[in-house]
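**Student:** sequence and predicted structure, then a few things I'm wondering about:
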Amino acid sequence: MKLRNKLWLGMGAAFLALFLLFEWNDYQESRANILTELREQAHILNTVLMATRRTYQHVFLNSGMPLNEQTLSFLPAHTMGEISRNFRLWMRNGMTFNNVSDRPRNPANQADAVELEAMAYFRASPKSTERFVPFTAPDGAAYYHYSTPIWMEGHCLKCHGDPAQAPELITTSPEAFIARAVAFATTDRLGLHEMRQRLIANRDTCTLFDIDGLTRKLEALYAQMADEYRAGALPRPNIANLSAYLDIGVNIDHDSAEIGAAADYHAIYRAALADRHYNTPMQADGRLWTQNEIGAAEAAPIRNSTSRAA
């Protein structure tokens, strides 16, 4: 083979390899963009559902309506399965959602194998706020599963708590509550006396009403401050990243998320701090943003910013 032919063959092979490399990079970039869009769509859907669920749950609880078989369907958590089935009739792109449990009161909300795997993940990683993984359906179709945990909160116990452990003044209906109050004022004077004595006893031992204890602790703090001043050991607060903490707190949607009731609300701040650190590196501050958190954030893959999506 002539040298010129060899050169043309080599150049052709190089161009072909370069073309394949570009095509592979384009494929990987397109795939990453599609996954990012799927995840974002699922995240938006999840946010809308959680906001709707929380809003109407509080509306129901504050309405004074009794919880019975006739009113149960007004709770979004109970009717989410039916809403999901109707959603599938309108959404034809393969995306579905559900509200499930491994111990449901409603059998229709029983988690399947993929959802049980997600629950096990969140129990093992309680600081995680979302999960997005591929899976194969029984029919062989490929999907991505997006999941977020719904942790038990105080207001959830009004419907899901053990009736035997409920406070004794909790009744089954507004009428029963009125009857109980009337009985305390008329026929059940002994019960009223016992209730009053328990309240008095709890008042005397409750931290909220322990004025003497509060006074002692306040005086001890004043003494500690005076000692530190005399020793020249005035504390110097570390205000590093303070503006970042403030911005994160201000931007939290407190209408859709009760930050104080979160299972680990520090994790919400750490996740937001990690996102900020990726764009603008921040120094450790010794509070939530420690050197360990920085190492974990820098070692983690890039966070892409949702139910199942085909």
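**Tutor:** Arrived safely, thanks for sending.

**Student:** all contacts plus neighbour counts: C-alpha atoms, from now on.
**Tutor:** OK.

**Student:** which elements pack onto the top helix by length along the chain?
**Tutor:** Counting by DSSP state H, the longest helix found in the chain is helix 3-63. The elements that helix 3-63 packs onto, with contact taken as 3 or more C-alpha pairs under 8 Å, 6 or more residues apart in numbering; DSSP states H and E, are helix 76-90, strand 308-309.

**Student:** from the middle of its chain, how far away would stretch 180-189 be?
**Tutor:** The chain centroid and the centroid of stretch 180-189 are separated by 43 Å under C-alpha atoms, centre = their mean, to the nearest Å.

**Student:** for that stretch, the averaged confidence score.
**Tutor:** For stretch 180-189, mean pLDDT is 86.

**Student:** what does it rub up against?
**Tutor:** Stretch 180-189 is contacted by residues 191-192 when judged by C-alpha atoms under 8 Å, 6 or more residues apart in numbering.

**Student:** just the CA trace of it, in PDB.
**Tutor:** The C-alpha coordinates for stretch 180-189 follow below in PDB (Å, rounded to 0.1, in the frame of the first residue of the first chain):
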ATOM      1  CA  ARG A 180     -68.200  16.100  78.100                       C
ATOM      2  CA  ALA A 181     -68.000  19.800  79.000                       C
ATOM      3  CA  VAL A 182     -71.600  19.900  80.100                       C
ATOM      4  CA  ALA A 183     -71.000  16.900  82.300                       C
ATOM      5  CA  PHE A 184     -68.000  18.500  84.000                       C
ATOM      6  CA  ALA A 185     -70.200  21.500  84.700                       C
ATOM      7  CA  THR A 186     -73.200  19.500  86.000                       C
ATOM      8  CA  THR A 187     -73.100  15.800  86.900                       C
ATOM      9  CA  ASP A 188     -69.400  14.900  86.800                       C
ATOM     10  CA  ARG A 189     -68.100  17.200  89.500                       C
END
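
**Student:** give the buried residues for that stretch.
**Tutor:** For stretch 180-189, the neighbour count (16 or more other C-alpha atoms under 10 Å) marks 180, 184 as buried.

**Student:** now stretch 75-84
**Tutor:** 75-81.

**Student:** got it, and stretch 209-224?
**Tutor:** Going by 16+ other C-alpha under 10 Å, stretch 209-224 has no buried residues at all.

**Student:** tell me how far it lies from the chain's centre.
**Tutor:** The answer for stretch 209-224 is 37 Å, by C-alpha atoms, centre = their mean.

**Student:** repeat for stretch 179-192
**Tutor:** Relative to its chain's centre, stretch 179-192 lies at 43 Å (C-alpha atoms, centre = their mean).

**Student:** try stretch 117-133
**Tutor:** Taking the mean of its C-alpha atoms, stretch 117-133 sits 11 Å from the chain's own mean (C-alpha atoms, centre = their mean).

**Student:** quick one, strands of the chain?
**Tutor:** Remark: strands assigned in the chain by DSSP state E are 131-136, 142-147, 308-309.
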